[in-house]
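Asker: Sequence plus the predicted model coming up.
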Amino acid sequence: MEYFDSDVPNIPDYRLSEKQFLLTTCATTTPSTKEQLVGEILESIKTESLGSYYKYLTTEFPQYFPLDEELSLKLNSTNEEEIEKLKASIKEAEGDDETELDVTQCYIKLAEYYTKIIDRENSIETYQKALELPQSTGSKIDILLTLARLEFFFNDYSNAKVYLDQVKILIEKGGDWERRNRFKMYSGIFLMATRNFSEASKLLIDSLATFTSTEICSYDQVAHYAIVSGVLTLDRVNLKEKIMDSPEILSIYSSAPHLEPLINLTNSLYTCQYNYFFKYLLESHDELLVSNKYLYNHSNYFLREMRCKAYGQLLESYKSLSIKSMAENFSISPEFLDKDLCKFIPNKKLNCVIDKVNGIIETNRPDNKNNQYHLLIKQGDSLLTKLQKYGAAVKLSGAERV
């Protein structure tokens, strides 16, 4: 799969947010890895002069980033010098009767610098000033998407939604192909992060073929998110077509070996190789969900929903099945299966009952034809009512004309 690097600046650097998550939140990160992550984050701070981000880390996570006064002064001095230059260019543009668009660009450059050094407050304030100035619809979309990225960096999804909603309005008025695709990608990540996997899968799968948003994630990560969302929500036909046979996903097999557990999980579910299902499910959970900042909070949900989906898929083929036989299919103990099924049956997530005396699981699939018949009658009654009201209105109108 070939894709084009985005011309959008990689600000803020999403990789720093991911490293911060692994260091401060992910429970599976080892002490040696934490030490490495601290070193990598500090190296980026020094190389890119990220004074504001350093201040944030020393304030919020002093156990990992004790304050180094000398380093802090050096970073702040570099930042203040650049900020003064950018502010001076704004004053110069305003004072020399430059066009309003030139003034707008000066504000955007200052806001971009604040975003680069991860000064959240000043970045938002400066971008808001820029949005009040005259500029193209495309430029406004770029600003709002950058603000959404900034909120993604800090995992503030409620604020990210505010900006994405504004982008949606502008996109509908007129947005080019590239910006529409970026918006689709951002929306997919937002929906996934807020556990709307069904809608997220549609956008993320579509984004695979048109991906240019390298400022928010890598292509391997898009595939990762698309597979997770797809395997959770797609039926067998669509899972085969949109995930397993997807040229974009097939193309990353060799370049993304770390996604192998997730790919194996998808294949085992589709091919009904249930004896490997739990092995791949646990590997996917441990290696690809709990270590991801967007999926971490949904890792247990993923475990639960995938078990339910696999159980339901197997039970569809039987009117009744012994607990022992089903447990053997999944290579788990009958005791575990019994307890696990009891989590899904009471809330109707599985249409079956357990006969404990005989050790049998009996399926009680809903009568779809009966439901369709009742729905048809209901819709027919509604249509007839509307037609009667319409007929009465037409007669009344005719009487008035007479």
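Answerer: Ah, there it is.
Asker: how near is Tyr274 to Ser254?
Answerer: As for Tyr274, its distance to Ser254 is 28 Å (criterion: CB to CB, to the nearest Å). The way it works is simple: take the backbone N, C-alpha and C, and place the C-beta from them, glycine included.
Asker: Show me which of those two is the more surrounded one.
Answerer: Neighbours per residue (other CB atoms under 10 Å) separate Tyr274 from Ser254, with Tyr274 holding more: 19 against 7.
Asker: contacting residues around the more buried one?
Answerer: Ser268, Ala310, Leu314, Asn329, Phe330, Ser331 (CB atoms under 8 Å, 6 or more residues apart in numbering).
Asker: Is the first one in a helix, a strand, or coil?
Answerer: Using DSSP: H, G, I helix; E, B strand; the rest coil, the structure places Ser268 in helix.
Asker: Enumerate every residue touching it.
Answerer: Counting by CB under 8 Å, 6+ apart, Ser268 has contacts Tyr274, Tyr276, Phe277, Tyr280.
Asker: which SSE is the residue nearest to Lys87 when sequence neighbours are not counted in?
Answerer: Using CB to CB, 6 or more residues apart in numbering and skipping residues adjacent in sequence, the residue nearest Lys87 is Leu110, 6.6 Å away. Element membership for Leu110, per DSSP states H and E: helix 100-116.
Asker: any idea of the pLDDT on Arg365?
Answerer: If you check Arg365, the pLDDT there is 68.
Asker: and if you look at Leu396?
Answerer: Listed pLDDT for Leu396 reads 57.
Asker: what does Lys74 give?
Answerer: 97.
Asker: separation between it and Ser255?
Answerer: 39 Å.
Asker: which of the two has more neighbours?
Answerer: The neighbour comparison of Lys74 against Ser255 (other CB under 10 Å) goes to Lys74, with 14 against 11.
Asker: So which elements touch the helix or strand in which Glu92 is found?
Answerer: Assigned by DSSP H and E, Glu92 belongs to helix 69-95. Here helix 69-95 touches helix 31-48, helix 51-60, helix 100-116, going by 3 or more CB pairs under 8 Å, 6 or more residues apart in numbering; DSSP states H and E.
Asker: how does it look with 6 Å?
Answerer: helix 51-60, helix 100-116 (3 or more CB pairs under 6 Å, 6 or more residues apart in numbering; DSSP states H and E).
Asker: Run a quick neighbour tally on Pro134.
Answerer: 10.
Asker: tell me which element it falls in.
Answerer: Here Pro134 is assigned to no helix or strand, by DSSP H and E.
Asker: and Ile361, that one's in a strand?
Answerer: Yes - counting by three-state DSSP, Ile361 is found in a strand.
Asker: What segments of the stretch 301-402 of the chain are strands?
Answerer: With DSSP state E, counting those that start in this stretch as the criterion, the stretch 301-402 of the chain has strands at 320-322, 352-355, 360-363.
Asker: Which among those strands is found nearest to Tyr163?
Answerer: The closest of the strands of the stretch 301-402 of the chain to Tyr163 is strand 352-355. By CB to CB, the value is 44.9 Å.
Asker: what's that closest one in contact with?
Answerer: Leu315, Ile361, Glu362, Thr363 (CB atoms under 6 Å, 6 or more residues apart in numbering).
Asker: Please identify the buried residues of that strand?
Answerer: Neighbour-count burial for strand 352-355, counted by 16 or more other CB atoms under 10 Å, picks out Cys352, Ile354.
Asker: now do stretch 355-367
Answerer: By neighbour count with 16+ other CB under 10 Å, stretch 355-367 contains the buried residues Ile360, Ile361, Thr363.
Asker: now swap in stretch 10-21 and tell me
Answerer: Ile11, Pro12, Asp13, Tyr14, Leu16, Ser17, Glu18, Lys19, Gln20, Phe21.
Asker: Distance to Asn155 added to those, as JSON lines?
Answerer: Converted to JSON lines, these look like this (distance: CB to CB, whole Å):
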{"residue": "Ile11", "distance to Asn155": "17"}
{"residue": "Pro12", "distance to Asn155": "13"}
{"residue": "Asp13", "distance to Asn155": "15"}
{"residue": "Tyr14", "distance to Asn155": "12"}
{"residue": "Leu16", "distance to Asn155": "13"}
{"residue": "Ser17", "distance to Asn155": "8"}
{"residue": "Glu18", "distance to Asn155": "11"}
{"residue": "Lys19", "distance to Asn155": "14"}
{"residue": "Gln20", "distance to Asn155": "10"}
{"residue": "Phe21", "distance to Asn155": "8"}
